[in-house]
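Enquirer: predicted model follows, preceded by the sequence.
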Amino acid sequence: MASVDAGEGQAAPAPRATVSHVIFDMDGLLLDTEGFYTEVQERILARYGKVFDWSLKAKMMGKKAMESARIFVDECGLAGLLTPEQFLEEREGMLQELFPSCAVRVVRLIHHLHANEIPICVATGSHKRHFALKTQNHQEMFALMHHVVMGDDPEVKAGKPSPDIFLAAMRRFEGNVEPSKCLVFEDAPSGVGAAKNAGMYAVMVPDPRLDVSYQKEADQVLSSLLDFNPTEWGLPPFKE
Ligand SMILES: O=P(O)(O)OC[C@H](O)CO
Ligand SMILES: [Mg+2]
């Protein structure tokens, strides 16, 4: 990678790109809610004597509820036994109980970007009702977001990997923002695909159980958001 003079004789790597706006995925990225979906889906599938695996998880994660329900029923060969609507109804009670106990996975970066006046927002496939349950104990962090776009937003015609949600998120920032100035943080293959389809940069922070083949579209892959260096993307450096 090329270097630039960082002053005092130090050479710092040239940024991969210079972005001005940052978009965060929510489930599995800002919040540890993906584990709840996995747990509940494992339980439902076990009733049919089947095992929920990570290739199915990879196809479902990041999608709108009905889209992922259809994948679940089709891929598991449950047509005739369970409809997507019944699947959603069955998992609803379990998820509603679990969501309020979710934990935040990213703190420092959000505060850093906000303190440096980098516009940040959330783009989640999750719908309004689930968003409220998941964020009820994390209002302080979500208040730092310029806006939130959810999966049931009228502008989000198709879920990830359609670019709809990220383009809607970009348009709601102030001013005229170009996709090439947006950096997206994602955990899901469909989410990385959506960011790339929108013409944006994508940093993927995948669950280690996800096959590495799902990482190839991402511009950067991190095992933890703690490893993220803002200067690699032309963003202000952490102070210490
Ligand atoms: O990862 P998100 O935030 O787009 O959420 C999508 C679904 O609700 C869960 O996979
Ligand atoms: Mg996600």
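Expert: Yep, it's here. What you see is a predicted model, and the numbers here were worked out from it, not measured in a lab. Numbers count the residues shown, from 1 in each chain. Ligands and ions are numbered 1, 2, ... in the order given.
Enquirer: where do the strands of this structure begin and end?
Expert: 3-5, 11-13, 21-24, 120-124, 148-150, 182-186, 201-204, 220-221 (DSSP state E).
Enquirer: indicate which one of these is closest to W233.
Expert: Closest approach to W233 among these (Cβ to Cβ): strand 182-186, 5.5 Å. All C-beta atoms are positioned from the backbone trio N, CA, C, and that covers glycine.
Enquirer: return the alpha-carbon coordinates of the closest one using PDB.
Expert: In PDB, the C-alpha atoms belonging to strand 182-186 read as follows (Å, rounded to 0.1, in the frame of the first residue of the first chain):
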ATOM      1  CA  CYS A 182     -20.400   6.200   2.300                       C
ATOM      2  CA  LEU A 183     -18.900   3.500   4.400                       C
ATOM      3  CA  VAL A 184     -21.200   0.600   5.400                       C
ATOM      4  CA  PHE A 185     -20.500  -1.700   8.400                       C
ATOM      5  CA  GLU A 186     -22.200  -5.100   8.000                       C
END
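Enquirer: can you list the strands that that strand pairs with?
Expert: Note on strand 182-186: by DSSP bridges, its sheet partners are strand 21-24 (parallel), strand 201-204 (parallel).
Enquirer: now do that strand against strand 120-124, angle only.
Expert: Here strand 182-186 runs at an angle of 50 degrees relative to strand 120-124 (axes from the mean of the first three to the mean of the last three Cα atoms, to 10 degrees).
Enquirer: any idea of the mean pLDDT for strand 182-186?
Expert: Here strand 182-186 scores 99 as its mean pLDDT.
Enquirer: tell me, what residue is most central in the protein?
Expert: Closest residue to the average C-alpha location of the chain: D25 at 2.6 Å, with Cα atoms, centre = their mean.
Enquirer: surely that residue meets T124?
Expert: Yes: at 6.5 Å, D25 counts as touching T124 under the criterion of Cβ atoms under 8 Å.
Enquirer: helices of this structure, residue ranges please.
Expert: With DSSP state H as the criterion, the chain has helices at 34-46, 54-60, 65-75, 84-98, 108-115, 128-135, 139-142, 164-171, 189-197.
Enquirer: for ligand 2, find the nearest of these.
Expert: Nearest to ligand 2 among the helices of the chain is helix 189-197; the distance by Cβ to the ion comes to 5.4 Å.
Enquirer: quick revisit: out of the helices of the chain, which is the most enclosed?
Expert: Highest mean neighbour count of the helices of the chain: helix 189-197, a mean of 25 (counted as mean count of other Cβ atoms under 10 Å).
Enquirer: other residues contacting that one?
Expert: 23, 25, 58-59, 61-63, 125, 159-166, 184, 186, 201-202, 204, 210, 214-215, 217-218 (Cβ atoms under 8 Å, 6 or more residues apart in numbering).
Enquirer: for stretch 48-68, same thing?
Expert: 25, 27-28, 34, 37-38, 41-42, 45-46, 71-72, 75-76, 78, 81-82, 84, 88, 125, 127, 130, 151-152, 156, 159-160, 186-191, 194, 207, 209-211, 214.
Enquirer: any regions of the protein where pLDDT drops low?
Expert: 1-11 (pLDDT under 70).
Enquirer: could you pick out the residues of it near ligand 1 for me?
Expert: Taking Cβ under 6 Å from any ligand atom as the criterion, the neighbours of ligand 1 within the chain are D25, M26, D27, G28, Y37, M61, G62, T124, G125, S126, A188, G191.
Enquirer: got the contact list for L183?
Expert: Contacts for L183 (Cβ under 8 Å, 6+ apart) come out as A17, V19, H21, V22, I23, M200, Y201, A202, V203, W233, L235.
Enquirer: can you pick the most crowded of those residues?
Expert: I23 (28 neighbours; other Cβ atoms under 10 Å).
Enquirer: who is that one paired with across the strands?
Expert: Note on I23: beta-bridge partners by DSSP bridges are C121, V184.
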